[in-house]
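>>> structure for this input, please:
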Amino acid sequence: MASYYLDVETTGLSPANSEIITIQYQKLDFNTKEAVGPLIILKSWESSEKDILTQFKGFLGSPEDKWRFIGHGYNLHFENDFLRERCIANGLKPIKLFDRPTVDLHPVGIMMNAGQFKGSGLDKISGKEGNGLAIIGLNESKQYSAIENYIKQEADAYIKLLVFLCKKMPEVLAEFQISLI
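Numbering: from 1, shown residues only. Presented below is the predicted three-dimensional model:
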């Protein structure tokens, strides 16, 4: 079993009309969730969308080996929809992220925001600066190093939140269980 941070950057918000420009993932310690491997960034500007999807599919391995890649992210429905639809658009067998175990912190972010969706983005509850919409303009103007800097900062912010929650949530559970007595 292996845990990985997972995210994608895209040219827009519609999987039917936008493309994936990066797929990034990073191995996490299975217990602590600290980063233990390099942040891998597959970049379409160095090859193509189809090529990075093919590379990522190869890394994932067969769907039957679903525990090989446990995806961790924030709003993984976005990644799932893009990975599935963009594979189909490129003539590839679709990636179905939710056929594998996943850990999505977005519902936790909503709860941390008093149950409210508005204001629950990763940029609102962590040290992350800005949101992914800036990537669209950076990609159009070919500012690839700025995209990579954003990706690194986002990965760091997510992993810090994940590690913090993995340490604190057992305490929250214990407090809740005591309140039941």
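
>>> report the buried residues of the longest helix seen in the chain.
Scanning the chain for the longest helix, with DSSP state H as the assignment, gives helix 144-180. Within helix 144-180, the residues scored as buried using 16 or more other C-beta atoms under 10 Å are 147-148, 150-151, 154-163, 165-166. (Each C-beta comes from the backbone N, C-alpha and C, glycine too.)

>>> closest one of those to Lys57?
Among the buried residues of helix 144-180, Ile151 lies closest to Lys57 (C-beta to C-beta), at 20.1 Å.

>>> give the contact list for the closest one.
7, 9, 22, 24, 39, 41 (C-beta atoms under 8 Å, 6 or more residues apart in numbering).

>>> farthest pair within the residues you listed?
Spanning the widest gap among the contacts of Ile151 are Glu9 and Leu39, at 12.9 Å by C-beta to C-beta.

>>> returning to that earlier point: adding secondary structure, write the contacts of Ile151 out as TSV.
Below are the contacts of Ile151 laid out as TSV (DSSP: H, G, I helix; E, B strand; the rest coil):
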residue	secondary structure
Asp7	strand
Glu9	strand
Thr22	strand
Gln24	strand
Leu39	coil
Ile41	strand
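
>>> of those residues, buried ones?
Buried among the contacts of Ile151 by 16+ other C-beta under 10 Å: 7, 9, 22, 24, 39, 41.

>>> which one of these is nearest to Ile178?
Relative to Ile178, the closest of the buried ones among the contacts of Ile151 is Asp7; by C-beta to C-beta it sits at 36.5 Å.

>>> now the closest residue to that closest one other than its chain neighbours, which residues is it bridged with?
Using C-beta to C-beta, 6 or more residues apart in numbering and skipping residues adjacent in sequence, the residue nearest Asp7 is Gln24, 5.3 Å away. Gln24 has these beta-bridge partners by DSSP bridges: Asp7, Ile41.

>>> when you give positions from now on, start the count at 17
Got it, the first residue is 17 from now on, which makes the last one we talked about Gln40.

>>> what residues does Gln40 make contact with?
By C-beta under 8 Å, 6+ apart, Gln40 lies in contact with 21-25, 55-58, 167, 171.

>>> how about CSV for those, with distance to Leu138 and pLDDT added?
Formatted as CSV, these follow (distance: C-beta to C-beta, whole Å; pLDDT from 0 to 100):
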residue, distance to Leu138, pLDDT
Tyr21, 12, 98
Leu22, 13, 98
Asp23, 10, 98
Val24, 14, 98
Glu25, 13, 98
Leu55, 16, 98
Ile56, 20, 98
Ile57, 18, 98
Leu58, 21, 98
Ile167, 13, 97
Ala171, 11, 97
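
>>> what would these look like in JSON lines with distance to Lys140?
Listed next are those as JSON lines, based on distance: C-beta to C-beta, whole Å:
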{"residue": "Tyr21", "distance to Lys140": "19"}
{"residue": "Leu22", "distance to Lys140": "20"}
{"residue": "Asp23", "distance to Lys140": "17"}
{"residue": "Val24", "distance to Lys140": "20"}
{"residue": "Glu25", "distance to Lys140": "19"}
{"residue": "Leu55", "distance to Lys140": "23"}
{"residue": "Ile56", "distance to Lys140": "27"}
{"residue": "Ile57", "distance to Lys140": "24"}
{"residue": "Leu58", "distance to Lys140": "27"}
{"residue": "Ile167", "distance to Lys140": "19"}
{"residue": "Ala171", "distance to Lys140": "17"}
